[in-house]
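S.K.: Okay, here's the prediction I keep looking at, along with the sequence it came from:
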2 protein chains.
Amino acid sequence: MSNKIKSIGILGAGLVGTLLSLYLKKRGYQVKVFEKRSDLRKSNNEGGRSINLALSKRGIKALEEVGVFADVKSVLIPMEGRMMHNREGNLTFQPYGKEGQHINSVSRSVLNEHLIEAAEQEGVQLCFDHTCTAVDLENTTISFEHNGKESTEHFDLVFGADGAYSQLRQAMFRTNRFNYQQFYIEHGYKELTIPPTESGDFAINPNALHIWPRGKYMLIALPNLDRSFTCTLFLPFEGDPSFETLTNKKSVQSFFEKTFADTLPLIENLDEEFFENPTSSLVTVKCYPWVKNNCVLIGDASHAIVPFYGQGMNAGFEDCFVLNKLLNEFDDNWDKTLNAYQQLRKEDGDAITDLALNNFIEMRDLVADDKFLLQKKIERHLQDAYPDKWLPLYSMVTFSDLRYSEALEIGKKQQAIMDEVMNRNDIFENWESLDFEEIVNQL
Amino acid sequence: MSNKIKSIGILGAGLVGTLLSLYLKKRGYQVKVFEKRSDLRKSNNEGGRSINLALSKRGIKALEEVGVFADVKSVLIPMEGRMMHNREGNLTFQPYGKEGQHINSVSRSVLNEHLIEAAEQEGVQLCFDHTCTAVDLENTTISFEHNGKESTEHFDLVFGADGAYSQLRQAMFRTNRFNYQQFYIEHGYKELTIPPTESGDFAINPNALHIWPRGKYMLIALPNLDRSFTCTLFLPFEGDPSFETLTNKKSVQSFFEKTFADTLPLIENLDEEFFENPTSSLVTVKCYPWVKNNCVLIGDASHAIVPFYGQGMNAGFEDCFVLNKLLNEFDDNWDKTLNAYQQLRKEDGDAITDLALNNFIEMRDLVADDKFLLQKKIERHLQDAYPDKWLPLYSMVTFSDLRYSEALEIGKKQQAIMDEVMNRNDIFENWESLDFEEIVNQL
């Protein structure tokens, strides 16, 4: 790679592409971003439901570094824990972390608009309605279709921040020795809405992420700024129950009555929404290398993950933060930076990919399990008593900026220790008299 | 799927495509095979070296079933075991199985010619120089480029027997919920030649597969009908030593002197061949499903594996055998057949994929290890004493038609038992006084 990098092209003006453009523009590069969709700020919301995401520590840190967090803060809704709904409609609240710690529900499109605005103000060139038709990895050129016309542009460096179905990754896929894996879980998802009450208020507690865990499937709900909630049903595509078996209004109604009864008075237009909204699939993508010549994958394009740890966006934002930190370290030597970046970050991408897959089981199943809840209680106790020694896995991932790969490793050790603790016969009666220091010292 | 299947199109006139065409033609279908290369029987051998393969039980059984084995027998060279060459040039022979059991070295192109000939005689239509440009999974059509002209043809059913870089699989790759993995090992390979001696004889023992195991890399040699051997060097692409470091004649010469000294008088034109022959990569492909609408993947297209168990061709031939057996069972009901086929055979494809990857470590490293050799000796003893109870893993894979997935499972159990046996302190001195019955009964 030539180290005379001046012009940088970025595919994708989504969350990661726009944040990356800010980082690079601030470093003094000429940055141009290409997006196949129309400008979010001008176009209607494409008829698609505005999906909300959970912003936490890593994402916030990356936004702060380029000075856009203050601006974004006002559109966040804090969620302090999980609110579990059992079949009878009884609620149990489980805090995510310590007092004052919370994750943040945020609208993808609102956050994206903020980032687009900030990038534009910084002097980034944003080209909407540009569909990438080809990437030439040898010559670092991108070809587009825009208003029916084809054009090709050269850059010194090209980033693919173009998501789980990345065009740049497709080009890399066709080169020799490119390792690649795409894997779909058996579940699909469908979004539904809980509108505000007649008096214009949130219908359920807005400061929690609501979960209806049902073993093989689940429903969740996150609050929106307009006081509605977006619910997401995660259900297998095939089997019973599954999207395959819910073929008419009657079966949907009876499924919800049986399993999510307390949502029936809340979800407006269940019948319509269920059959009008798409059933989407959930893909995991792993690949390597992330760098070929002067082309680089970043965010979902390099590590698409399932949403169950709320880390997809946070991981992508952290990619930008880590890249920027390495550019500082290596004084903008791109050869060294990109080499270090992909080696370091691949481990963390793999770790959060596995963590996200595992957390689905926790969310849909374990959170309704007494033993699991007791374990969480004991771990909270460990954390309170030995805050420097025991940080629960969820907190390491969500409220710290420890490398994902380290969090995964420590989490495995913790689980092995806790497995033994939870195996004691009298654990439910006598957990308070455990030798906590001895437990912590095993780590 | 309509069960009115009459016309079947097959992509690929390689080993699996031609054998499959024979099976299907014999069942009464109209079968047309498309191949992008020229007819092997007419064209020169494309300048490429004729690669030889190891034909064993499963492949033979599948050839016998359609009556082509008798015809092929004369071109096989039996290899009764591994001949290990250490750094000093000393030889150790390790039989593959029991007395009389052997695998067979066969030229890919010679075997392929036999199958093409047999298919043509059976009435299969063979179309060479047809490059598949697209497959329409919805309408079961294939588009081709032939002599500069484009055409599209419809079939009731299409098989992709078009290898590790299958066009049909590429079409499936673009559909939703297609699980896919491609993985390159760190080693590449390069072919070299040991020509016959001046008196026209084999330069080394032709009834063995020769191995120069060197830990992180290895050289192997298989005999050819013309009394030459084709050697294959498996070496990492990067690191030391690697293809990256062998950049000139001097470094190649000194590498061979140091590690494969006894081959230097045998390999003709090492300097020329090393730099003229390509360095190829080794890919593993797993995917699922194998059936979309009326399109089916078979052979390497569905499970490309590394060559270290000598099972790539055998697995592909067995695919045809299993498919045919299921067609018998389900009375040519294709819906039921293909459903059963992919479920059953995916497990076995995964198993042989893993077995092949593991066997690389065995071949390049363990075969030179005393403990490993003693374990093999003990297992041979177990097999002799309890032939119905203990069949070593290699024999299950190579000399039986037990499902690969079962062989893998049993092999794991055997390894756990043998790990304990081999851990005994006095195992080298006292292995003959082991309680063999007790060992066998643990299985």
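M.R.: Done, it's in.
S.K.: switch to C-alpha atoms for all contacts and neighbour counts from now on
M.R.: OK.
S.K.: Look at the closest residue to A:L168 other than its chain neighbours and say how many residues are nearby.
M.R.: Ranked by C-alpha to C-alpha, 6 or more residues apart in numbering or on different chains and with sequence neighbours excluded, the top spatial neighbour of A:L168 is A:G160, at 5.5 Å. Each residue near A:G160 was counted by other C-alpha atoms under 10 Å in any protein chain shown, and the total is 25.
S.K.: In contact with A:G160, which residues are there?
M.R.: A:G160 makes contact with A:10-12, A:17, A:166-169, A:295-298, A:301, according to C-alpha atoms under 8 Å, 6 or more residues apart in numbering or on different chains.
S.K.: got a list of what the residue in the stretch 201-350 of chain A that chain B sits nearest to touches?
M.R.: Closest to chain B within the stretch 201-350 of chain A is A:S281: 7.0 Å, counting by C-alpha to the nearest C-alpha. Shown in contact with A:S281 (C-alpha under 8 Å, 6+ apart): A:Y184, A:I185, A:H187, A:G188, A:Y189, B:N176, B:R177.
S.K.: ok, those vs B:V306, which is closest?
M.R.: Using C-alpha to C-alpha, A:Y184 comes nearest to B:V306 of the contacts of A:S281, at 24.9 Å.
S.K.: Between the two ends of stretch A:118-131, how far is it?
M.R.: 23 Å (C-alpha to C-alpha, to the nearest Å).
S.K.: if we look at it, which residues are touching it?
M.R.: Contacts of stretch A:118-131 (C-alpha under 8 Å, 6+ apart): A:13, A:18-19, A:21-22, A:25-26, A:30-39, A:68, A:144-147.
S.K.: quick one on the thing from earlier: assign a three-state SS to the residue of the stretch 201-350 of chain A closest to chain B, would you?
M.R.: Under DSSP: H, G, I helix; E, B strand; the rest coil, A:S281 falls in the strand class.
S.K.: In PyMOL, select just the buried ones from the contacts of A:S281.
M.R.: To isolate the buried ones among the contacts of A:S281 in PyMOL, judged by 16 or more other C-alpha atoms under 10 Å in any protein chain shown, type:
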select buried, (chain A and resi 184+187+188+189) or (chain B and resi 177)
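S.K.: Now the two most distant members of the contacts of A:S281.
M.R.: Between any two of the contacts of A:S281, the greatest separation by C-alpha to C-alpha is 13.9 Å, found for A:Y189 and B:N176.
S.K.: quick one on the thing from earlier: so of the contacts of stretch A:118-131, which ones are in strands?
M.R.: Among the contacts of stretch A:118-131, DSSP state E puts A:Q30, A:V31, A:K32, A:V33, A:F34, A:F144, A:E145, A:H146 in strands.
S.K.: Is it correct that the fifth one is in contact with A:L11?
M.R.: Spelled out, that is A:F34. Yes. Using C-alpha atoms under 8 Å, A:F34 is in contact with A:L11, at 5.1 Å.
S.K.: what sits in contact with each of those two?
M.R.: Between them, A:F34 and A:L11 share these contacting residues under C-alpha under 8 Å, 6+ apart: A:C132.
S.K.: Before we move on, what's the pLDDT of the closest residue in space to A:V31 that isn't next to it in sequence?
M.R.: With C-alpha to C-alpha, 6+ apart as the criterion, A:V31 has its nearest non-adjacent residue at 5.0 Å, and that residue is A:I8. pLDDT for A:I8: 98.
S.K.: what's the distance between A:L137 and A:R345?
M.R.: 21 Å.
S.K.: who's more crowded, the two?
M.R.: Shown here are A:L137 and A:R345; by other C-alpha under 10 Å, A:R345 has more neighbours (23 against 19).
S.K.: What about that one? Give its phi and psi, please.
M.R.: phi -80, psi -20 (degrees, to the nearest 10).
S.K.: Does it touch A:D319 like I think?
M.R.: Yes. With contact defined as C-alpha under 8 Å, A:R345 reaches A:D319; the gap is 7.3 Å.
S.K.: Name the SS class of the residue lying closest to A:A340 once chain neighbours are set aside, please.
M.R.: Ranked by C-alpha to C-alpha, 6+ apart and with sequence neighbours excluded, the top spatial neighbour of A:A340 is A:L326, at 7.6 Å. Three-state assignment for A:L326 (three-state DSSP): helix.
S.K.: Next, count neighbours for A:L326.
M.R.: Applying other C-alpha under 10 Å, we find 19 residues neighbouring A:L326.
S.K.: same question, A:Q311
M.R.: 25.
S.K.: That one touches A:A54, doesn't it?
M.R.: Yes. With contact defined as C-alpha under 8 Å, A:Q311 counts as touching A:A54 (7.5 Å).
S.K.: Got a quick ChimeraX command for the buried subset of the ones in strands among the contacts of stretch A:118-131?
M.R.: Buried subset of the ones in strands among the contacts of stretch A:118-131, written as a ChimeraX selection, criterion 16+ other C-alpha under 10 Å:
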select /A:30,31,32,33,34,144,145
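S.K.: can you redo the ones in strands among the contacts of stretch A:118-131 as CSV with pLDDT and distance to B:F202?
M.R.: Converted to CSV, the ones in strands among the contacts of stretch A:118-131 look like this (pLDDT from 0 to 100; distance: C-alpha to C-alpha, whole Å):
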residue, pLDDT, distance to B:F202
A:Q30, 98, 65
A:V31, 98, 65
A:K32, 98, 64
A:V33, 98, 64
A:F34, 98, 63
A:F144, 96, 59
A:E145, 97, 61
A:H146, 97, 65
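S.K.: with the ones in strands among the contacts of stretch A:118-131 in mind, which one is nearest to A:L270?
M.R.: Of the ones in strands among the contacts of stretch A:118-131, the one sitting nearest to A:L270 (C-alpha to C-alpha) turns out to be A:F34, at 37.3 Å.
S.K.: In three-state terms, label A:F202 for me.
M.R.: Assignment for A:F202 (three-state DSSP): coil.
S.K.: Which strand residues bridge the residue of chain A found nearest chain B?
M.R.: Closest contact between chain A and chain B, by C-alpha to the nearest C-alpha, is at A:Q181 (4.1 Å). Note on A:Q181: beta-bridge partners by DSSP bridges are A:K286, B:Q181.
S.K.: Up against chain B, what does the stretch 101-250 of chain A have?
M.R.: Contact residues, the stretch 101-250 of chain A versus chain B (C-alpha under 8 Å from any C-alpha of the partner chain): A:N176, A:R177, A:F178, A:N179, A:Y180, A:Q181, A:Q182, A:F183, A:Y184.
S.K.: Over to the stretch 251-400 of chain A?
M.R.: Residues of the stretch 251-400 of chain A lying near chain B (C-alpha under 8 Å from any C-alpha): A:S281, A:V283.
S.K.: Would you state the strands of the stretch 251-400 of chain A in chain order?
M.R.: Counting by DSSP state E, counting those that start in this stretch, the stretch 251-400 of chain A has these strands, from start to end: A:280-288, A:291-292, A:295-297, A:303-304.
S.K.: Show me what the third one pairs with in its sheet, parallel or antiparallel.
M.R.: Read that as strand A:295-297. strand A:157-160 (parallel), strand A:291-292 (antiparallel).
S.K.: Dump those into JSON lines; add mean pLDDT as well.
M.R.: Converted to JSON lines, the strands paired with strand A:295-297 look like this (pLDDT from 0 to 100):
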{"stretch": "strand A:157-160", "mean pLDDT": "98"}
{"stretch": "strand A:291-292", "mean pLDDT": "98"}
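S.K.: and those, which is most packed in?
M.R.: Counting by mean count of other C-alpha atoms under 10 Å in any protein chain shown, strand A:157-160 has the highest mean neighbour count of the strands paired with strand A:295-297, with a mean of 25.
S.K.: After that strand, heading C-terminal, what element do we hit next?
M.R.: helix A:167-173 (DSSP states H and E).
S.K.: Run the chain-centre distance for that following helix.
M.R.: 22 Å (C-alpha atoms, centre = their mean, to the nearest Å).
S.K.: helices or strands up against that helix?
M.R.: Contact analysis of helix A:167-173 by 3 or more C-alpha pairs under 8 Å, 6 or more residues apart in numbering or on different chains; DSSP states H and E lists strand A:131-136, strand A:157-160, strand A:295-297 as its packing neighbours.
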